[in-house]
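Undergrad: what's the 3D shape of this:
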Amino acid sequence: MNGMNDFDFLHGTWSVANRRLTAPLSGDGDGDAGWEEFPGEAVIRPLFGGAGNIDEIVFPTLDRRGATLRLYDREARQWSIFWSDSRTGRLDPPVTGGFTGDRGDFHGEDSYGGRPIRVHFTWHRLGPDTARWEQEFSADGGRSWELNWTMDLTRTGAAFDGLAA
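TA: Numbers count the residues shown, from 1 in each chain. Prediction:
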């Protein structure tokens, strides 16, 4: 399964254990700035018969929400992943890529703290009821990467068939 239905495994509801670097790209070295851990709850619904999905994640202890839109470009045969946060209401630039086996790699360009960066998302399909997402930033054109956010997902509810309200 490498293509249009790559993200079907995510459809449903999930408990999400987040671990995030408090000061990414601070120059202190990986993890020196400290990590924070916080819970999340996500609901992920399919779009376009498997060629997309949308999720909303609630971070109750942070009083924040996020939304992800994933779309499969049939011509390019790759996914685009867009993120938005309730703090800004803006859609961030996408990361693009795809899966090889149970690992998905997605790259893009953005800015952080006013400077241009490269972004790398990694998705790991670990089993029918578990998955992991990781985010890395690079401020040197991709020569080095700093892991700054992980999400460990555990399924709490069945997958949606795409017709659910």
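Undergrad: now the helix or strand hosting Val16: buried residues?
TA: Val16 is part of strand 12-21 when elements are defined by DSSP states H and E. By 16 or more other C-beta atoms under 10 Å, the buried positions in strand 12-21 come out as Gly12, Thr13, Trp14, Val16, Asn18, Arg20, Leu21. No exception for glycine: its C-beta is placed from N, CA and C like everyone else's.
Undergrad: closest one of the residues you listed to Ile57?
TA: Val16 (6.4 Å; C-beta to C-beta).
Undergrad: now the closest residue in space to that closest one that isn't next to it in sequence: how far from Asn5?
TA: Nearest non-adjacent residue to Val16, counting by C-beta to C-beta, 6 or more residues apart in numbering: Gly40, 3.6 Å away. Using C-beta to C-beta, to the nearest Å, Gly40 is found at 24 Å from Asn5.
Undergrad: can I get stretch 127-144 in CSV? Just the C-alpha atoms.
TA: Provided in CSV are the C-alpha atoms of stretch 127-144 (Å, rounded to 0.1, in the frame of the first residue of the first chain):
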residue,chain,number,x,y,z
GLY,A,127,0.4,-1.7,14.0
PRO,A,128,-3.4,-1.5,13.5
ASP,A,129,-3.8,0.6,16.7
THR,A,130,-0.5,2.4,17.1
ALA,A,131,1.4,5.0,15.0
ARG,A,132,4.2,7.5,15.6
TRP,A,133,4.8,11.0,14.0
GLU,A,134,8.1,12.9,14.3
GLN,A,135,9.0,16.4,13.3
GLU,A,136,12.6,17.7,12.6
PHE,A,137,13.8,21.2,11.7
SER,A,138,17.0,22.1,9.8
ALA,A,139,18.4,25.6,9.8
ASP,A,140,21.4,24.8,7.6
GLY,A,141,19.8,23.6,4.4
GLY,A,142,19.4,20.0,5.5
ARG,A,143,23.0,19.3,6.5
SER,A,144,21.8,18.6,10.1
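Undergrad: tell me the contacts of Thr122?
TA: Arg103, Gly104, Asp105, Phe106, Trp133, Glu134, Glu136 (C-beta atoms under 8 Å, 6 or more residues apart in numbering).
Undergrad: where along this protein do the strands fall?
TA: For the chain, the strands defined by DSSP state E occupy 12-21, 35-47, 52-59, 64-73, 78-85, 95-100, 103-112, 115-127, 130-138, 146-157.
Undergrad: got the angle for the fifth one vs strand 64-73?
TA: Taking axes from the mean of the first three to the mean of the last three C-alpha atoms, to 10 degrees, strand 78-85 and strand 64-73 form an angle of 160 degrees between their directions.
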